[in-house]
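Q: Provide a 3D model corresponding to the input given below.
(chains A and B)
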Amino acid sequence: MNTDLTLSSLSIETLDRIRAEIGKTRGWLAFLAVVSFGSTLLSLVSILISVIRGSGSSGVLDILVKLLFAGFSIALAVFLLQASLRGKKYAQTGKAEELTAYHDRIKTYFTLTGLLVLIGLAVAVLMALIGSGAGLRG
Amino acid sequence: MKESELKATSPQESPQPTEPLSVGRKGNLDITIKGTRGWMSFLGVVIIISGALAVIFSFLTVSMSVLFLGTSPGSSSWILIVSVLIYTGVSIYLGVLLLSSSSHAKRYLKQDSETELLKYHVKMRIFFQVTGIITIIGLSVWLILIMAFSGR
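A: So this is what the prediction gives:
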């Protein structure tokens, strides 16, 4: 508790400027979250239509992978929206806890995006290996 | 009291003062930024490589058809090259923004410099701003294409 009462070396002027920057960023974060929600909803509708129609090309695995990616992009959009809300609160109130909460959400967003990219790259490499193996045998 | 003076002193117009950061909270902030910057630089590198690969593959596709089929590049090839070049330019810019944001975070953590922390926030703001503007342009192009093709 004692350390929490001691003030850090960060000046109020710098914190004010950071607050202004976060105030400008949060609108774009909310916009990107809304677009992400919208595009995920559209892709979910298209999956639903293909399931109802029973389109031959999309198998169960294909649909499951699409649903998994839709889930991940909704999670990303939620973290962006939460970051935007925390950023808005920090821009309005200037409370230190809102600044750390904003950074927590941003960190989760980048971590999840990075993990998704890693998984995507691993799947692509695996597919290429399987494809080249099948090509050699065929 | 005049109306303008009332406006100036109203709580809505004057924002609350910024709360100073305690040592404990700054420590938490530093840990969070440290966790973010690694993923930022990884994504920056991936975005730059994807842009470079796109331009290499598009040139290969066009040059293969020219070399092996002996056909001159048609209008569709030029559209492909120009759109891939735009994509590459934007990708490299976004990747560089992420890398520079990450390096400012690294310098802030190393030197405890306020300026670097501010620059980290500025670069992050520009990154999300550019991503948003590109999304708006992409959505507009998508809508125009849908309207053009549905009108046929």
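Q: When you work out contacts or count neighbours from here on, use the C-alpha atoms and nothing else.
A: Will do.
Q: Now the element after the helix or strand of chain A with the lowest mean pLDDT, going C-ward?
A: Within chain A, no helix or strand scores below helix A:2-5, which has a mean of 55 by mean pLDDT, DSSP states H and E. Note on helix A:2-5: by DSSP states H and E, the next helix or strand toward the C-terminus is helix A:12-53.
Q: Would you mind pulling up the elements that that following helix packs against?
A: Helices and strands touching helix A:12-53, by 3 or more CA pairs under 8 Å, 6 or more residues apart in numbering or on different chains; DSSP states H and E, are helix A:60-93, helix B:114-150.
Q: Please tell me how far the residue nearest to A:S43 when sequence neighbours are not counted sits from B:S63.
A: Excluding the flanking residues, the one nearest A:S43 by CA to CA, 6 or more residues apart in numbering or on different chains is A:A70, at 7.5 Å. According to CA to CA, to the nearest Å, A:A70 and B:S63 sit 37 Å apart.
Q: remind me which residues of chain A are low pLDDT?
A: A:1-5, A:55-58, A:136-138 (pLDDT under 70).
Q: Contacts only, for the spatially most central residue of chain B.
A: When CA atoms, centre = their mean is applied to chain B, the residue found nearest the centroid is B:F127 (3.1 Å). Shown in contact with B:F127 (CA atoms under 8 Å, 6 or more residues apart in numbering or on different chains): B:94, B:97-98.
Q: With pLDDT as extra columns, can I get these in CSV?
A: Shown next, in CSV, are the contacts of B:F127 (pLDDT from 0 to 100):
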residue, pLDDT
B:L94, 96
B:L97, 97
B:L98, 97
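Q: Between the residues you listed, which sits nearest A:A83?
A: B:L98 (17.7 Å; CA to CA).
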